[in-house]
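Q: Mind looking at a prediction? Sequence and model below.
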Amino acid sequence: MSKLPLLVIEDEAAVMSFLRAALERNGYCIVGAASGAEGLKLLENGNYMGVISDMRTPGGVSGADVHSWIRAHRPELSQRILFITGDTVNQETMSILQQTGAPCIEKPFRVSQLIKSIETLLAGETR
């Protein structure tokens with residue numbers, strides 16, 4: 001059985017390239033979305049083992065909005081979302097992270113930190 005891909009929602013091309021390279025080198029298949037809105041379209045029609053989402057993306061759909069949509073429409077993924085952000089000092093961002101309970105890693109992060117976070121997130125999936 002083939003492994004499902006990870007959905008990665010990230011609007012910065014350089015960060016997306018970094019994520020794609022790091023994750024693919026570690027055996028993950030990636031589907032990328034450049035905005036939260038694009039990510040939601042992909043979630044409506046596709047199956048994913050988990051979601052990595054930037055907290056802030058263009059187009060009016062934030063990481064928090066993606067999380068809310070997942071909780072309502074794809075509850076099986078609600079415990080398999082990892083946020084990435086360069087903005088943890090922002091009170092609004094901190095509040096959203098506390099509300100969702102979703103794990104977050106702060107940019108810039110190391111490949112090892114990313115992979116460890118993903119492995120922890122998907123621990124129940126890989127068996």
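A: Alright, I've got the coordinates.
Q: Next secondary structure element downstream of the longest helix along the chain?
A: Counting residues, the longest helix in the chain under DSSP state H turns out to be helix 13-25. Using DSSP states H and E, the next helix or strand after helix 13-25 towards the C-terminus is strand 30-33.
Q: any idea which residue sits dead centre in this protein?
A: Relative to the mean C-alpha position of the chain, the nearest C-alpha, by Cα atoms, centre = their mean, is the one of I52, at 1.1 Å.
Q: gap between the helix or strand where that one lies and the chain center?
A: Per DSSP H and E: I52 is located in strand 50-54. Here the centre of strand 50-54 is set off from its chain's centre by 1 Å, with Cα atoms, centre = their mean, to the nearest Å.
Q: Check what contacts that strand and list those residues.
A: With contacts defined as Cβ atoms under 8 Å, 6 or more residues apart in numbering, strand 50-54 is touched by 6-12, 15, 19, 36, 39, 43, 63, 66-67, 70, 77, 80-85, 118, 121-122, 125. All C-beta atoms are positioned from the backbone trio N, CA, C, and that covers glycine.
Q: Within the sheet, what are the partner strands of it, with directions?
A: Each strand paired with strand 50-54, and its direction, by DSSP bridges: strand 6-9 (parallel), strand 81-85 (parallel).
Q: okay, these, which one's buried deepest?
A: strand 6-9 (a mean of 26; mean count of other Cβ atoms under 10 Å).
Q: Quick one: mean pLDDT for it?
A: Mean pLDDT, computed over strand 6-9, is 98.
Q: Could you do stretch 49-68 as well?
A: Per-residue pLDDT values over stretch 49-68 give a mean of 92.
Q: burial of the spatially closest residue to N26 that is not a sequence neighbour, as a residue count?
A: Distances taken as Cβ to Cβ, 6 or more residues apart in numbering place I115 nearest to N26, at 5.3 Å, with adjacent residues excluded. When neighbours are counted by other Cβ atoms under 10 Å, I115 registers 16.
Q: wait, is I115 part of a helix?
A: Yes. The assignment for I115 (DSSP: H, G, I helix; E, B strand; the rest coil) places it in a helix.
Q: Run through the residues that contact V66.
A: Neighbour list for V66: 9, 36, 39-40, 43, 51, 53, 81 [criterion: Cβ under 8 Å, 6+ apart].
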